[in-house]
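>>> this one's sequence-less:
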């Protein structure tokens with residue numbers, strides 16, 4: 001009787017837990033049994049592995065083969081276990097030495113010809129192998145994505161035969177070199193180039209970039225809302241190495257067409273308003289990340305906000321609050337990170353403008369009510385983007401702007417550094433328990449914001465977020481304490497609330 005144990009990795013959310021492939025060859029009628037909470041696509045490995053071994057020139061054992069994927073508590077999907085199963089059979093049959101797979105992990109789907117096919121989620125696997133100090137053999141097609149993990153010991157193989165020749169010492173594979181992400185962030189691009197006027201909206205966007213606040217632009221069509229949203233990335237610093245790996249891991253799991261190996265720039269996701277709730281948060285029979293996770297450490301831009309389904313918008317509440325998405329399905333569950341910055345844009349009326357005289361106030365209110373109050377509470381800044389009084393063609397650059405929004409990238413960098421030095425997180429992510437100590441308002445200023453919040457009928461969550469915006473404004477101004485000027489400006493960014501209040505009283 002032959003026995004072999006080969007290590008591989010499963011895919012559970014953004015993690016890659018270790019899976020032991022235990023292969024047992026026993027006497028009896030030829031059979032191939034695969035156990036260990038394997039779904040249909042995994043059980044089909046019996047036919048893929050048999051054909052791949054035969055077509056690679058190996059003898060398929062005419063024995064009773066039992067393959068156990070341990071632990072059985074981890075759901076297993078896809079063909080990523082094929083290579084490990086095939087190597088386990090070769091070891092159990094005596095074709096390879098019993099210690100040939102020591103300290104090596106294998107992952108890859110086998111074609112019937114024995115070639116290795118690309119798998120999803122390779123980056124979490126490489127990271128896990130690196131942390132376990134194991135070597136990894138993976139498909140050749142995954143080499144570019146896997147290369148971004150520094151100090152990983154790995155080999156890229158094109159076929160099962162190439163892996164066998166490596167393990168037998170006949171023709172060793174060449175250790176792959178790693179190419180960490182290179183910083184190609186477009187620091188030289190002007191932020192305000194081509195955006196005429198809209199000083200308040202630019203100022204709001206600068207504050208949002210400095211403190212990672214969520215923003216809602218309201219205004220008639222053609223006033224530059226989408227253009228303003230697209231300029232946020234130009235003000236944000238590039239991702240750190242750890243952040244870039246998290247983003248790359250999520251895109252690797254989803255197998256998006258976006259390259260994760262070219263730059264550590266932050267992601268910018270802009271789904272169409274027909275996007276479903278599952279597409280936004282993730283899901284499916286085997287839970288995959290959605291748009292909110294693909295925007296992790298970046299920007300999620302929702303244009304025409306009221307046109308999204310009510311259910312699709314309301315599922316954003318949890319990730320906006322916690323920075324995570326928990327997906328539970330009958331086949332398994334997953335938790336994906338979703339620490340994104342929400343930028344939304346909308347017209348104030350279904351016909352485009354409240355002043356066009358085409359829509360009565362009650363219909364405008366019904367249109368605005370498509371965005372729920374709890375979701376609006378999670379948006380820190382609401383700013384009006386009005387029509388320009390004249391039509392201009394001249395280009396506007398950063399140096400042509402007012403002093404408070406000039407050199408926005410440098411202002412954002414300095415403000416973020418102040419926040420990280422003071423509290424370790426950006427102001428938008430500051431726990432409420434630390435808010436009083438970080439803001440440290442005087443008695444008069446505290447009374448002022450409390451009375452203003454009562455007059456504006458702010459919820460407690462909106463009140464806390466207004467304080468966080470005040471703290472960011474103070475950081476942009478280089479002030480150690482939050483004062484009334486900072487509070488007044490923060491409370492001024494409640495454009496949609498004011499519009500709803502006006503329509504309700506008219």
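Looks like it came in fine. Not measured: the values here are computed from a predicted model.
>>> what residues are up against residue 459?
373, 377 (CB atoms under 8 Å, 6 or more residues apart in numbering). All C-beta spots, glycine's among them, are computed from the backbone N, C-alpha and C.
>>> wait, residue 326 sits on residue 333?
Yes: at 7.1 Å, residue 326 counts as touching residue 333 under the criterion of CB atoms under 8 Å.
>>> contact partners for the residue of the chain positioned farthest from its centre?
The C-alpha centroid of the chain is most remote from residue 28, which lies 50.4 Å away (CA atoms, centre = their mean). Going by CB under 8 Å, 6+ apart, residue 28 touches 63-64.
>>> distance of residue 102 relative to residue 108?
19 Å (CB to CB, to the nearest Å).
>>> higher neighbour count, the two?
Counted by other CB atoms under 10 Å, residue 102 and residue 108 do not tie: residue 108 has more neighbours, with 29 against 12.
>>> hmm, residue 138 and that one touching each other?
Yes: using CB under 8 Å, residue 108 is in contact with residue 138, at 5.8 Å.
>>> common neighbours of these two, please.
116, 119, 157.
>>> so how many other residues sit close to the second one?
Applying other CB under 10 Å, we find 24 other residues in the vicinity of residue 119.
>>> residues touching it, list them.
By CB under 8 Å, 6+ apart, the contact set of residue 119 is 78-80, 107-109, 138-139, 142.
>>> tell me which of those fall in helices.
In this view, these have no member that belongs to helices under DSSP state H.
>>> and which of those residues is nearest residue 56?
For residue 56, the nearest member of these is residue 108. The distance, counting by CB to CB, is 13.4 Å.
>>> give me the distance between that closest one and residue 148.
19 Å.
>>> the stretch 51-200 of the chain: strands as residue ranges?
64-70, 104-106, 109-110, 116-117, 135-139, 154-157 (DSSP state E, counting those that start in this stretch).
>>> and the closest residue to residue 479 other than its chain neighbours, what does it touch?
Residue nearest to residue 479 in three dimensions, not counting chain neighbours: residue 486, with 7.1 Å by CB to CB, 6 or more residues apart in numbering. For residue 486, the contacting residues are 470-471, 473-474, 477, 479, by CB under 8 Å, 6+ apart.
>>> repeat that for 10 Å
439, 441, 445, 467, 469-477, 479 (CB atoms under 10 Å, 6 or more residues apart in numbering).
>>> again with residue 358
Neighbouring residues of residue 358 by CB under 10 Å, 6+ apart: 349-352.
>>> just the closest of those residues to residue 455, please.
residue 349 (25.7 Å).
>>> how close does residue 214 get to residue 282?
Taken as CB to CB, the span from residue 214 to residue 282 is 20 Å.
>>> could you do residue 57 as well?
42 Å.
>>> again, but for residue 131
25 Å.
>>> out of the shared contacts of residue 108 and residue 138, which comes closest to residue 207?
residue 119 (42.7 Å).
>>> and the closest one, backbone torsions?
The phi/psi pair for residue 119 (degrees, to the nearest 10) reads phi -120, psi 160.
>>> how about low-confidence regions in the stretch 401-506 of the chain?
506 (pLDDT under 70).
>>> can you give me the helices in the stretch 201-350 of the chain?
225-230, 232-235, 241-254, 277-281, 291-294, 310-314, 317-322 (DSSP state H, counting those that start in this stretch).
>>> hey, which of the ones you listed is tucked in deepest?
helix 291-294 (a mean of 26; mean count of other CB atoms under 10 Å).
>>> got the contact list for it?
13-14, 246-247, 250-251, 253-254, 256, 258, 267, 269-271, 275, 279-282, 300, 302, 315-316, 318-320, 323-325, 327, 334-340, 342.
>>> just to check, residue 105 is in contact with residue 17?
No: with contact defined as CB atoms under 10 Å, residue 105 does not count as touching residue 17 (11.9 Å).
>>> what sits against residue 302?
Per CB under 10 Å, 6+ apart, neighbours of residue 302: 216, 229, 269-273, 275, 280, 291, 308, 312-313, 316, 342-346.
>>> buried only: go through these for me.
216, 229, 269-271, 275, 280, 291, 308, 312-313, 316, 342-346 (16 or more other CB atoms under 10 Å).
>>> how long is stretch 114-133 from one end to the other?
28 Å (CA to CA, to the nearest Å).
>>> give me the beta-bridge partners of residue 70?
Beta bridges link residue 70 to residue 20, judged by DSSP bridges.
>>> can I assume it is in contact with residue 6?
No: with contact defined as CB under 10 Å, residue 70 does not count as touching residue 6 (11.2 Å).
>>> so between residue 105 and residue 17, which is more surrounded?
Set residue 105 next to residue 17 and count neighbours by other CB under 10 Å: residue 105 wins out with 25 against 14.
>>> how about that one, nearest residue that isn't a chain neighbour?
Per CB to CB, 6+ apart, closest to residue 105 is residue 7, 4.6 Å.
>>> can you check residue 354 too?
Residue 354's closest residue in space is residue 348 (CB to CB, 6+ apart), at 5.0 Å.
>>> let me see the contact set for the one you found.
218-220, 306, 354-355, 359, 364, 367-368, 384-385, 495-496, 499-500, 503.
>>> sort out which residues of stretch 162-175 are buried, please.
In stretch 162-175, counting by 16+ other CB under 10 Å, buried: 162-164, 166-167, 173.
>>> now stretch 151-162
So, applying 16+ other CB under 10 Å, buried residues of stretch 151-162: 152-157, 159-162.
>>> again, but for stretch 93-110
For stretch 93-110, by 16+ other CB under 10 Å, it's 93, 95-96, 100-101, 104-110.
>>> and residue 416, what does it touch?
209-212, 236-237, 426-427, 472, 475 are the contacts of residue 416 under CB under 10 Å, 6+ apart.
>>> brain fart, residue 177
Counting by CB under 10 Å, 6+ apart, residue 177 has contacts 143, 147, 154.
>>> now do residue 115
52, 55-56, 108-109, 139-141, 157-162.
>>> again, 8 Å this time
158-160.
>>> so what pairs up with it in the strands?
Here residue 115, judged by DSSP bridges, has bridge partners residue 159.
>>> any idea how far it lies from residue 442?
Distance from residue 115 to residue 442, by CB to CB: 71 Å.
>>> common neighbours of residue 105 and residue 17, please.
In contact with both residue 105 and residue 17: residue 9, using CB under 8 Å, 6+ apart.
>>> name the residues of the helix or strand where residue 475 lies that come out as buried.
If you go by DSSP states H and E, residue 475 is part of helix 460-476. For helix 460-476, burial by neighbour count (16+ other CB under 10 Å) applies to 462-476.
>>> off-centre distance for it?
25 Å (CA atoms, centre = their mean, to the nearest Å).
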